[in-house]
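1. Here is the input, now give the coordinates:
(one chain, ligands or ions: 1)
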Amino acid sequence: MSGSSISPEQMRRYLRMYLVIGSVNCREKPLRVVEEALSGGATMIQFREKGPGALTGEAKLALALELQAACRRAGVPFIVNDDVELAARIGADGLHVGQDDESAGAVRARIGNRILGVSAHTVKEARTALVHGADYIGVGPVYPTISKDDARPVQGTGMIQDMRAQGIQLPIVGIGGINAERAAEVVRAGADGVAVISAVTQAANVREAARNLLEQVARAAGR
Ligand SMILES: C=C1C=NC(C(F)(F)F)=NC1=N
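-> The predicted model follows:
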């Protein structure tokens with residue numbers, strides 16, 4: 001069972017067009033990218049401030065608060081990646097952790113009934129996440145990604161299909177190299193939605209990119 005107060009059905013809706021964003025991914029101000037993506041229909045936002053040139057300390061806190069405020073205005077959940085202390089400090093709607101972060105169980109205790117997302121690369125890791133009360137799992141990289149320099153091997157949509165075949169019922173979002181052309185295939189494989197970074201942050205028209213991704217997912221999911 002998940003430990004949050006969010007129903008699985010609501011969680012699946014939140015996962016449809018999940019934008020993962022940090023200052024290093026943006027050509028322009030991250031706030032503008034987030035606002036454009038929200039106006040295009042982004043259903044959840046993850047603040048992932050990592051990698052060379054990422055903000056730290058007060059600057060990271062200030063950006064998190066700015067982006068969270070935009071999500072609150074839009075009624076969209078704001079999730080923090082990895083940084084449990086930041087998530088707790090700003091009262092984020094949830095936290096996303098990797099397998100190698102402190103155990104999801106300890107994190108669940110720290111964040112109470114907020115949304116807990118866990119990265120899972122195998123059926124075994126998906127089961128572990130379930131036992132620790134994860135509300136959703138991020139599975140990938142589905143395709144080659146330019147956004148994460150230490151990504152695991154590309155797994156295609158096969159891992160998502162395997163998880164569903166093995167009876168994993170958890171809400172699943174695919175991640176890694178996903179764009180509008182590929183979104184339907186990820187959903188048909190059994191994902192509830194797609195998580196993207198560059199498909200939106202590097203788009204000439206951020207709002208249209210978000211809108212198109214959401215349309216592709218909604219169409220493949222049968223609305
Ligand atoms: C490493 C990650 C794996 N999956 C996800 C998401 F898809 F958003 F759940 N986010 C991450 N930061």
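
2. can we go C-alpha only for contacts and neighbour counts from here?
-> OK.

3. in the sheet, who's paired with the closest residue to the ligand within the chain?
-> Per CA to the nearest ligand atom, Gly138 is where the chain lies closest to the ligand, at 3.5 Å. Residues in a beta bridge with Gly138, per DSSP bridges, are Ser119, Val173.

4. Quickly note the distance from Gln216 to Gly158.
-> 20 Å (CA to CA, to the nearest Å).

5. Tell me which of these two has more neighbours.
-> Gln216 (23 against 14; other CA atoms under 10 Å).

6. ok so, going back, for the residue of the chain closest to the ligand, give its distance to Ala209.
-> 21 Å.

7. Mind telling me what element the residue of the chain positioned farthest from its centre is part of?
-> What lies farthest from the middle of the chain is Glu58; by CA atoms, centre = their mean that is 23.7 Å. Assigned by DSSP states H and E, Glu58 belongs to helix 57-74.

8. List the pairing partners of the helix or strand following that helix within its sheet, with orientation.
-> Using DSSP H and E, the helix or strand that follows helix 57-74 in sequence is strand 78-81. Partners of strand 78-81 in the sheet, by DSSP bridges, are strand 44-47 (parallel), strand 94-97 (parallel).

9. Any chance of JSON lines for the ones you listed, columns mean neighbour count?
-> Shown next, in JSON lines, are the strands paired with strand 78-81 (neighbours: other CA atoms under 10 Å):
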{"stretch": "strand 44-47", "mean neighbour count": "25"}
{"stretch": "strand 94-97", "mean neighbour count": "24"}
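
10. which strands and helices sit next to the host helix or strand of Ile160?
-> In the assignment (DSSP H and E), Ile160 maps to helix 158-165. Contact partners of helix 158-165 among helices and strands, from 3 or more CA pairs under 8 Å, 6 or more residues apart in numbering; DSSP states H and E: helix 123-131.

11. Next, the angle from the helix it packs on to helix 158-165.
-> 60 degrees (axes from the mean of the first three to the mean of the last three CA atoms, to 10 degrees).

12. Could the C-alpha coordinates of stretch 78-95 be exported in PDB?
-> What follows is stretch 78-95, C-alpha atoms only, in PDB (Å, rounded to 0.1, in the frame of the first residue of the first chain):
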ATOM      1  CA  PHE A  78       5.600  19.900  -6.900                       C
ATOM      2  CA  ILE A  79       8.000  17.000  -6.300                       C
ATOM      3  CA  VAL A  80      11.600  17.400  -5.100                       C
ATOM      4  CA  ASN A  81      14.300  15.000  -6.400                       C
ATOM      5  CA  ASP A  82      16.600  13.400  -3.900                       C
ATOM      6  CA  ASP A  83      16.900  16.300  -1.400                       C
ATOM      7  CA  VAL A  84      14.800  15.100   1.500                       C
ATOM      8  CA  GLU A  85      15.700  18.100   3.700                       C
ATOM      9  CA  LEU A  86      14.700  20.600   1.000                       C
ATOM     10  CA  ALA A  87      11.400  18.800   0.400                       C
ATOM     11  CA  ALA A  88      10.600  18.800   4.200                       C
ATOM     12  CA  ARG A  89      11.700  22.500   4.600                       C
ATOM     13  CA  ILE A  90       9.500  23.900   1.800                       C
ATOM     14  CA  GLY A  91       6.600  21.500   2.400                       C
ATOM     15  CA  ALA A  92       6.800  20.000  -1.100                       C
ATOM     16  CA  ASP A  93       4.000  17.800  -2.300                       C
ATOM     17  CA  GLY A  94       6.400  14.900  -2.600                       C
ATOM     18  CA  LEU A  95       9.900  13.500  -3.000                       C
END
